[in-house]
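**Student:** for reference, the sequence and a predicted model appear below.
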Amino acid sequence: MFTYLILVGPAILLALYAQWRVSSAYSQMSQVPARMTGAEAARRILNSAGLHDIPIEQTHGHLSDHYDPSAKVVRLSQEVYHGHSMASVGIAAHEVGHAIQDARNYSPLVIRNMAVPAAGFGSSLSSVLFLVAFAMLFSGATALGTWVLLIAIVGFSLVVFFQLINLPVEFDASSRAKDELISHGIISSGELPYVSKVLNAAALTYVAGTLSSIMTLAYYLLQYAGLSQSDG
């Protein structure tokens with residue numbers, strides 16, 4: 001447990017800080033008015049990119065905004081859809097950035113979309129097998145428990161791979177969002193720091209989540225290495 005806290009603890013603290021940053025930045029930038037709503041900004045950018053056929057829909061939940069590549073639709077939470085703020089146009093433009101990536105066959109997004117089923121399977125598989133493995137190890141079935149632990153590690157590695165490939169996808173979407181907002185006159189260059197505050201805070205959550213997964217994988221690998229050495 002001490003080793004786990006040493007490896008994963010800092011990443012967990014970073015994740016908590018990142019969540020606070022997102023909440024704080026969104027709250028602050030929601031008070032800074034923009035020239036149009038999030039939905040209007042999204043529509044303007046999509047149309048300018050020639051993506052007239054991609055609809056913009058409202059979705060339930062707080063900050064549940066996303067682009068669905070399977071349905072080819074941008075979904076914005078109610079506060080972003082109707083919001084007339086820097087936070088709203090920034091988040092909306094970020095999701096449209098994913099739509100543009102999809103239309104342009106942006107390689108990391110293509111890889112990420114292909115990795116989604118494997119990551120989902122790996123997450124479900126590893127969450128069960130880790131429990132089974134440690135139960136076996138605790139009961140004394142060391143050899144079998146070690147093999148189950150290895151399979152669980154392989155499954156969890158798929159999750160880590162997905163999160164790693166997701167980072168450039170998210171960073172690129174934010175970069176596209178900033179460029180599109182300025183180029184279409186939705187915000188001025190002087191207003192860019194307002195949008196950047198929200199998008200940078202959101203980016204930190206992805207970094208923290210990925211770091212936490214990497215450190216968790218490192219912990220399990222150390223456990224497996226220790227068991228392998230003891231068996232040898």
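**Tutor:** Yep, that arrived. Numbering: from 1, shown residues only.

**Student:** CA atoms for contacts and neighbours, from now on please.
**Tutor:** Will do.

**Student:** give me the low-pLDDT residue ranges for this protein?
**Tutor:** In the prediction, the chain carries residues with pLDDT under 70 at positions 1, 230-232.

**Student:** quick check: next helix or strand after the helix of greatest length in the chain?
**Tutor:** In terms of residue count, the longest helix belonging to the chain (DSSP state H) is helix 142-183. Once the chain leaves helix 142-183, the next helix or strand it forms, by DSSP states H and E, is helix 192-231.

**Student:** check which helices and strands that next one is in contact with.
**Tutor:** Counting contacts by 3 or more Cα pairs under 8 Å, 6 or more residues apart in numbering; DSSP states H and E, helix 192-231 is packed against helix 2-29, helix 86-103, helix 142-183.

**Student:** right, and those - which one's nearest residue 131?
**Tutor:** Set against residue 131 and scored by Cα to Cα, the helices and strands packed on helix 192-231 come closest in helix 142-183, at 8.9 Å.

**Student:** so which residue is dead centre in the protein?
**Tutor:** Nearest residue to the geometric centre of the chain (Cα atoms, centre = their mean): residue 206, 4.7 Å.

**Student:** wait, that one touches residue 169, no?
**Tutor:** No - between residue 206 and residue 169 no contact is recorded; they are 10.6 Å apart, counting by Cα atoms under 8 Å.

**Student:** before we move on, back to that, which one, of the helices and strands packed on helix 192-231, ends up nearest to residue 68?
**Tutor:** When the helices and strands packed on helix 192-231 are ranked by distance to residue 68, counting by Cα to Cα, first place goes to helix 86-103 at 8.3 Å.

**Student:** counting by contacts, list what the closest one packs against.
**Tutor:** helix 2-29, helix 38-48, strand 66-68, strand 73-77, helix 78-82, helix 107-139, helix 142-183, helix 192-231.
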